[in-house]
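Undergrad: coords please:
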Amino acid sequence: METVRDLNMDMDKMQVVLSAIHSVSRRIKEVAQTHKPLFGGEHFLTGEEVCERLYISPRTLQDYRDKGIIPYTQFAGKILYKASDLERLLEENYSV
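TA: Below you'll find the predicted structure:
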């Protein structure tokens, strides 16, 4: 027969396990929100991320798209930009 002391020890162990599970769950959610999966070895960015990196407005980004300045792809209704295309664009237009 288990004593109250044994039950308290079991509950303490269970709290430690539940706390660890909660921490892992929180970290998984953080990674899921920030992780950008590779597609064909390429990182893709959203329009919002491109605007933040280039310090431009969404309207300016649309103008760049319309004029063919920034290449993009449309997938499942979303417009995505290759990170490597943006890096190349910046390198080619960098002046000292």
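
Undergrad: CA atoms for contacts and neighbours, from now on please.
TA: Will do.

Undergrad: Please, where are all the helices along this structure?
TA: Taking DSSP state H, the helices of the chain run over residues 4-34, 47-54, 58-66, 83-92.

Undergrad: helices or strands next to the longest one in the packing?
TA: Helices and strands in packing contact with helix 4-34 are not found; criterion 3 or more CA pairs under 8 Å, 6 or more residues apart in numbering; DSSP states H and E.

Undergrad: Comparing the helices of the chain by mean pLDDT, which bottoms out?
TA: Mean pLDDT is lowest for helix 4-34 out of those, coming in at a mean of 77.

Undergrad: before we move on, back to that, closest to Phe75 out of the helices of the chain?
TA: Across the helices of the chain, Phe75 has its closest neighbour in helix 47-54 (12.8 Å, CA to CA).

Undergrad: What residues sit buried inside that closest one?
TA: 47, 50-51 (16 or more other CA atoms under 10 Å).

Undergrad: okay, those in CSV with distance to Ala20 next?
TA: Below are the buried residues of helix 47-54 laid out as CSV (distance: CA to CA, whole Å):
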residue, distance to Ala20
Gly47, 36
Val50, 36
Cys51, 38
